[in-house]
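Colleague: below: sequence and its predicted model.
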Amino acid sequence: SLCSEIINKIYSLPLDVFMRKKTADFTNYILRDAAICTHFVSFILPQFINVVILFIVYTVYLIHIDYKIILFVVIGSIAIIILERKTGGLVRDNRKIIMENENKIMAFFDEALTHTRQVIAFHREKWEAGVFNKIFKNYFDSCLKQIKITSNITLLKEWCKWFPQVIILAIIGYNAIYNEMSVGTMIIAYELSSNAMDYILSIFNYVIELQNGKPYLVNIKTLLNEKEIKYGQEGFPHEYKVVELKKINFSYNSDKLILKDISMKFCKNEIIAIVGKSGSGKSTIGRLLSRKYEPDCGDILIDGIPVKKIKLTEWNKHIKLVNEDSFIFADTIKNNILLGRRDITDEQLHNICMMVELHDYIMRLPHQYDELLGEQGVTLSGGQKSRLLIARALVNNPDILILDETLSSLDAETEYMIYSNIRWYRADKITIIVTHRLSSITNADRIYVIDNGEIVEAGTHEELINNKSLYYELYNFDKREKPYGFESRFRHQKV
């Protein structure tokens with residue numbers, strides 16, 4: 001159930017958490033941290049409670065035999081408690097360093113295995129091996145330090161056990177010699193005191209185990225306490241007419257505003273284009289609309305209703321963001337497109353793939369729609385990946401579809417044909433195209449031009465051309481294969 005809780009928590013986190021953490025961190029939450037916490041709860045904690053109860057019982061019986069015996073048991077206990085207080089923080093801090101190094105190793109393997117082809121292509125195998133050796137050395141050194149700390153603590157705690165026991169043996173031996181205690185009572189008293197000291201050591205060992213595991217417990221607690229996306233309670237308004245961004249400001253951190261006072265309208269039955277230079281903030285608008293992030297100020301409205309009042313699950317059913325980072329699974333083409341949808345017939349699937357100019361390619365494959373794709377779609381070209389991702393979105397035919405630079409890897413003719421098909425298929429929906437290739441969106445109903453996070457122009461293609469402002473410059477630059485007067489500033493420099 002802890003793993004289920006972690007997974008449900010991960011699904012409810014805002015996107016900025018995933019920007020701060022690596023994939024390996026989330027893997028460790030489930031494969032390592034949850035397993036260690038389960039071990040503590042199911043084994044260490046019950047054993048700890050059992051040993052404490054037995055120690056209390058033995059202590060009471062020893063007090064009944066001779067209070068001086070329990071006095072030295074208590075002295076030994078105090079010595080062990082002081083030792084734990086002095087060394088517990090050291091054990092915990094070094095275990096935290098080990099955990100961080102484990103995370104780094106997991107992150108390295110995740111990235112190395114995912115990007116093996118790039119490492120080989122650029123002949124960086126030795127460099128990659130050097131990076132791993134450095135990470136592993138830090139991990140090995142921290143583990144070795146933990147072994148040294150544990151060994152020293154074990155040596156000291158044995159002294160804390162045996163020194164009181166020698167004195168206890170002297171006391172009960174003296175009493176037995178002078179007939180103040182029977183031999184049988186002496187044997188029982190020594191056995192009980194020895195067991196009591198063993199229980200103290202067991203308690204100490206369990207405390208050390210808890211100190212070792214505390215960083216993992218804190219790690220999970222930190223995850224579970226992460227701020228979640230706030231869910232609304234209202235349903236999606238199916239008879240909507242317009243989606244609106246109203247005076248939106250947004251920043252990924254407090255240092256710099258990415259979007260400033262953005263106001264836009266997206267009406268039903270329209271194709272809206274958002275264009276601008278790289279880094280202008282146009283892709284961020286798509287992320288805000290899909291509620292991957294929440295704006296710093298301003299509202300996103302649908303027919304005047306703030307979208308934050310709508311259930312996130314409902315909103316996600318009716319909006320789809322397709323971008324270059326969308327994931328392709330190591331599964332068949334059909335499963336990658338349908339993602340579990342069983343209500344889509346083969347004929348519908350084929351029609352959608354025809355719409356994105358992918359069907360002919362699929363039919364030439366040995367297993368056609370049952371062809372297995374490599375991890376992250378390694379067997380597909382960039383353009384084929386983009387078309388597959390669009391087909392996945394069109395299967396759901398969402399009310400709001402955002403295509404973020406999805407077809408930039410295609411030739412202009414294929415791109416134009418796909419956009420034409422989408423316009424026909426989605427005549428009663430909202431389609432938003434985020435692109436830097438202006439030649440493909442000349443037929444858009446409205447075009448917003450973004451520069452440095454602000455809207456500098458808005459209108460149809462003809463209106464913006466007539467303005468002869470930024471859009472006019474970008475469009476003319478886009479049309480030319482080699483713009484007149486363009487010359488690299490590195491032309492006369494050696495790299």
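Modeller: Now that the structure is in, tell me what you want to look at.
Colleague: neighbouring contacts of stretch 316-329?
Modeller: For stretch 316-329, contacts defined as C-beta atoms under 8 Å, 6 or more residues apart in numbering pick out 236, 283, 286-287, 289-292, 335-336, 373, 376-377, 380, 385-386, 388-390, 392-393, 396, 398-406, 408. (C-beta placed from N, C-alpha, C; glycine too.)
Colleague: of these, select the buried ones using a ChimeraX command.
Modeller: One line in ChimeraX is enough to select the buried ones among the contacts of stretch 316-329; burial here means 16 or more other C-beta atoms under 10 Å:
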select :236,283,286,287,289,290,291,336,373,377,380,385,386,388,389,390,392,393,396,398,399,400,401,402,403,404,405,406
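Colleague: just how off-centre is the lengthiest helix in the chain within its chain?
Modeller: When secondary structure is assigned using DSSP state H, the longest helix within the chain turns out to be helix 125-177. Computed by C-alpha atoms, centre = their mean, to the nearest Å, the separation of helix 125-177 from the middle of its chain amounts to 36 Å.
Colleague: kindly provide the whole-number mean pLDDT of that helix.
Modeller: Mean pLDDT, computed over helix 125-177, is 81.
Colleague: stretch 30-46 too?
Modeller: The predicted confidence, averaged over stretch 30-46, sits at 78.
Colleague: what does stretch 461-472 give?
Modeller: Confidence over stretch 461-472 (mean pLDDT, whole number) is 88.
Colleague: tell me who's in contact with residue 142.
Modeller: If you count contacts by C-beta under 8 Å, 6+ apart, then residue 142 has 94, 97-98, 101 around it.
Colleague: tell me the confidence at residue 432?
Modeller: For residue 432, the predicted pLDDT is 91.
Colleague: what about this protein, any weak spots by pLDDT?
Modeller: Judged against pLDDT under 70, the low-scoring parts of the chain cover residues 1, 15-16, 19, 84, 88, 112-123, 228-231, 375, 478-495.
Colleague: which stretches of it form strands?
Modeller: Counting by DSSP state E, the chain has these strands, from start to end: 242-250, 259-267, 270-276, 297-302, 305-306, 319-323, 400-404, 430-435, 446-451, 454-459.
Colleague: mind putting the ones you listed in JSON lines, distance to residue 134 included?
Modeller: Output for the strands of the chain, formatted as JSON lines (distance: least, C-beta to C-beta, whole Å):
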{"stretch": "strand 242-250", "distance to residue 134": "38"}
{"stretch": "strand 259-267", "distance to residue 134": "40"}
{"stretch": "strand 270-276", "distance to residue 134": "41"}
{"stretch": "strand 297-302", "distance to residue 134": "44"}
{"stretch": "strand 305-306", "distance to residue 134": "50"}
{"stretch": "strand 319-323", "distance to residue 134": "34"}
{"stretch": "strand 400-404", "distance to residue 134": "37"}
{"stretch": "strand 430-435", "distance to residue 134": "40"}
{"stretch": "strand 446-451", "distance to residue 134": "42"}
{"stretch": "strand 454-459", "distance to residue 134": "44"}
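Colleague: so which of those comes closest to residue 172?
Modeller: Comparing those by their distance to residue 172 (C-beta to C-beta), the top pick is strand 242-250, with 76.5 Å.
Colleague: list the buried residues in the closest one.
Modeller: Across strand 242-250, burial judged by 16+ other C-beta under 10 Å covers 243-246, 248, 250.
Colleague: what two of those residues are the furthest from one another?
Modeller: 243 and 250 (16.6 Å).
Colleague: from residue 97, how far off is residue 146?
Modeller: When C-beta to C-beta, to the nearest Å is the yardstick, residue 146 and residue 97 sit 9 Å from each other.
Colleague: again with residue 267
Modeller: Residue 267 sits 56 Å away from residue 97 when distances are taken as C-beta to C-beta.
Colleague: okay, the two: which has more neighbours?
Modeller: Neighbour tally, residue 267 and residue 97, criterion other C-beta atoms under 10 Å: the higher count belongs to residue 97, 17 against 14.
Colleague: tell me who's in contact with that one.
Modeller: Shown in contact with residue 97 (C-beta under 8 Å, 6+ apart): residue 142.
Colleague: same question, the one 10 residues further on
Modeller: Each residue near residue 107 by C-beta under 8 Å, 6+ apart is listed here: 22-25.
Colleague: now, of the residues you listed, which are buried?
Modeller: When the contacts of residue 107 are checked for burial by 16+ other C-beta under 10 Å, the buried set is 22, 24-25.
Colleague: between those residues, which sits nearest residue 70?
Modeller: With C-beta to C-beta as the yardstick, the closest approach to residue 70 among the buried ones among the contacts of residue 107 comes from residue 25, at 48.7 Å.
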